[in-house]
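Q: Take a look and give me a structure for this.
(2 chains)
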There are 2 protein chains.
Amino acid sequence: MTRQIAYLGPEGTFTEAAALIYDSTATLLPYPTITSVATSVDNGNANLGIVPIENSLEGSVTDTLDLLIHYTDLQIVNEIVIPIEHCLLMKERVPNHDIQIVYSHPQALGQCRNFLENNFPSAQIVAALSTAASVEEMLNCNSPAAAIATRRAARIYGATIVSEGIQDNLNNTTRFVILAKEDHEFTGNDKTSICFSFGEDKPGILYMVMGEFASRNINLAKVESRPNKETLGRYIFLMDLEGHRTETHLSEALNKVRENTSFMKILGSYPHYSPK
Amino acid sequence: MTRQIAYLGPEGTFTEAAALIYDSTATLLPYPTITSVATSVDNGNANLGIVPIENSLEGSVTDTLDLLIHYTDLQIVNEIVIPIEHCLLMKERVPNHDIQIVYSHPQALGQCRNFLENNFPSAQIVAALSTAASVEEMLNCNSPAAAIATRRAARIYGATIVSEGIQDNLNNTTRFVILAKEDHEFTGNDKTSICFSFGEDKPGILYMVMGEFASRNINLAKVESRPNKETLGRYIFLMDLEGHRTETHLSEALNKVRENTSFMKILGSYPHYSPK
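A: Here you go, the predicted structure:
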């Protein structure tokens, strides 16, 4: 049976590209927000949801972290990492100095800053809600305009690709997580994502928690803090640990952490991504 | 002599509001980007620069962290925390259901999501490069439109304030840092911001670094990780520590950390903010 995968749309985004690589036979359902992707899996409209979680240049996608911390009980069942390649799109090719406006999502604009300064020093830079939306705005614009988006967005919306690979830094990759009602079984090459916070601000308590992992030789693949949304300076910590939550040493450490924190949530155990 | 303070503009942003609270007698110079604020202080065009670093709901301003880590030797000389209050602006007051477009910066749109869903369920939501820029776009729009911005932006651009305090969460504050060529002298109520990274990915090395602070009873006010911009999964860590870098126990711990990391930078020691 074909799986239904909800993704952060519209068509032509990098999330759609990641979903196609993850399962090229699935039926893909675009949703307008990260929250609505999760809701569609909760409701059973989709079997899986896919959302971006981290970019190698920009860092974490905070809406996804906040969703996992606060707003859903869905688990991470898999991850996928894809290279991000930005393209310059126009209605039809005109000289760069004729272009008056360049549209894109603020993150894509930031990732192509040098390219824009060198090629469009006097164009107006206009933010759009997604790279895909910027193509529509460019096509509807009455002045000569360009957009920064994916190759696939050019095909979907009927725009012309003028340049490819225009991002300033070639080490530009994004990690996506696949969400489901249950996480992945043990494979032997797993990661576990957790988050936790402390009821009061005690010096050294984070150090003590990290000691539970260090003393069991559990590698910390990632540590990150997010505001707790109540008081500036109080945080929720997110960690990615090596191993599966069902392995004895990890399960023991997680129990210790649960005892010493006011809030703890396991966001899922899932295989390390390796390209097919 | 009046001080020149460079700030992230244009006029009417929250950063300008913070600069006015920090020094109401200073000459304020708007700059279009966080990087250009720092450059103006480096060049001597301004004595100080002010940029946002952290919001209680959205988390860190990653452009500011990346500036401090990678692109400037300026130091943090002070911090200031202000409440963020969003207002709904129109050309002139019309019923909400007549409004076809609502403009604002994506962060402000995110912070007023419930307000927008309840009051403008069918309006088009359009991203702008700043809350101040959204007011200009709204005023130039041929359809009935609204913008989300500051009270001061309404006055500067001649718009009408229709609602005040429309943000979903009332615990919405932003912390700004003031940048200068030298940091602050010891006051007895200080913080020190640092960043560091490791040449190789050794399990437990972050734990070891934190031990240098824990064993000296140095409280960690904040810990955060940012991608190193080279490889996904490799991080630069940022920490805010209690105390001044010239205090013996802190200076000893910092030397130990410097010995055990491949990169370490002190971003400045400065007084804890307390409202006047």
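Q: chain center to the lengthiest helix in chain A, what's the gap?
A: For chain A, the helix with the greatest residue count under DSSP state H is helix A:248-260. How far helix A:248-260 lies from its chain's middle: 28 Å, per C-alpha atoms, centre = their mean, to the nearest Å.
Q: can it be found next to chain B?
A: No: Helix A:248-260 is not in contact with chain B by C-beta under 8 Å from any C-beta of the partner chain; minimum separation 12.6 Å. No exception for glycine: its C-beta is placed from N, CA and C like everyone else's.
Q: so what does the helix or strand hosting residue A:156 touch, helix or strand wise?
A: Secondary-structure assignment from DSSP states H and E places residue A:156 in helix A:151-157. Helices and strands touching helix A:151-157, by 3 or more C-beta pairs under 8 Å, 6 or more residues apart in numbering or on different chains; DSSP states H and E, are strand A:87-90, helix A:131-140, strand A:160-164.
Q: ok, residue A:240 to chain B distance?
A: Taking C-beta to the nearest C-beta, to the nearest Å as the measure, residue A:240 falls 9 Å from chain B.
Q: Repeat that for residue A:124.
A: 10 Å.
Q: Based on its surroundings, how many neighbours for residue A:147?
A: Using other C-beta atoms under 10 Å in any protein chain shown, residue A:147 is surrounded by 31 other residues.
Q: So residue A:19 belongs to a helix, correct?
A: Yes: applying DSSP: H, G, I helix; E, B strand; the rest coil, one finds residue A:19 inside a helix.
Q: Tell me who's in contact with it.
A: A:5, A:7, A:26, A:28, A:50 (C-beta atoms under 8 Å, 6 or more residues apart in numbering or on different chains).
Q: what's residue A:208 in contact with, if anything?
A: Contact analysis of residue A:208 by C-beta under 8 Å, 6+ apart lists residue A:260.
Q: picking that back up, adding neighbour count, pLDDT and secondary structure as columns, could you present the contacts of residue A:19 in CSV?
A: Shown next, in CSV, are the contacts of residue A:19 (neighbours: other C-beta atoms under 10 Å in any protein chain shown; pLDDT from 0 to 100; DSSP: H, G, I helix; E, B strand; the rest coil):
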residue, neighbour count, pLDDT, secondary structure
A:5, 25, 98, strand
A:7, 30, 96, strand
A:26, 18, 96, coil
A:28, 20, 96, strand
A:50, 27, 98, strand
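Q: now, among these, which is nearest to chain B?
A: Lowest distance from chain B to these (C-beta to the nearest C-beta) belongs to residue A:50, with 17.1 Å.
Q: for that closest one, which residues make a bridge with it?
A: residue A:7, residue A:178 (DSSP bridges).
Q: hang on, it packs against residue A:178?
A: Yes: taking C-beta atoms under 8 Å as the definition, residue A:50 is a contact partner of residue A:178 at 5.2 Å.
Q: Find the residues that touch each one of the two.
A: Contact criterion C-beta under 8 Å, 6+ apart; residues shared by residue A:50 and residue A:178: A:5, A:22, A:80.
Q: Can you sort out which of these also neighbour chain B?
A: Among these, no residue is within reach of chain B (C-beta under 8 Å from any C-beta).
Q: Which stretch among the helices and strands packed on helix A:151-157 is buried most, on average?
A: Highest mean neighbour count among those (mean count of other C-beta atoms under 10 Å in any protein chain shown): strand A:87-90, with a mean of 25.
Q: Who are the packing partners of that strand?
A: The contact analysis (3+ C-beta pairs under 8 Å, 6+ apart) places strand A:87-90 against helix A:131-140, strand A:145-149, helix A:151-157, strand A:160-164.
Q: give me that answer again for 10 Å
A: The elements that strand A:87-90 packs onto, with contact taken as 3 or more C-beta pairs under 10 Å, 6 or more residues apart in numbering or on different chains; DSSP states H and E, are strand A:101-104, helix A:113-119, helix A:131-140, strand A:145-149, helix A:151-157, strand A:160-164.
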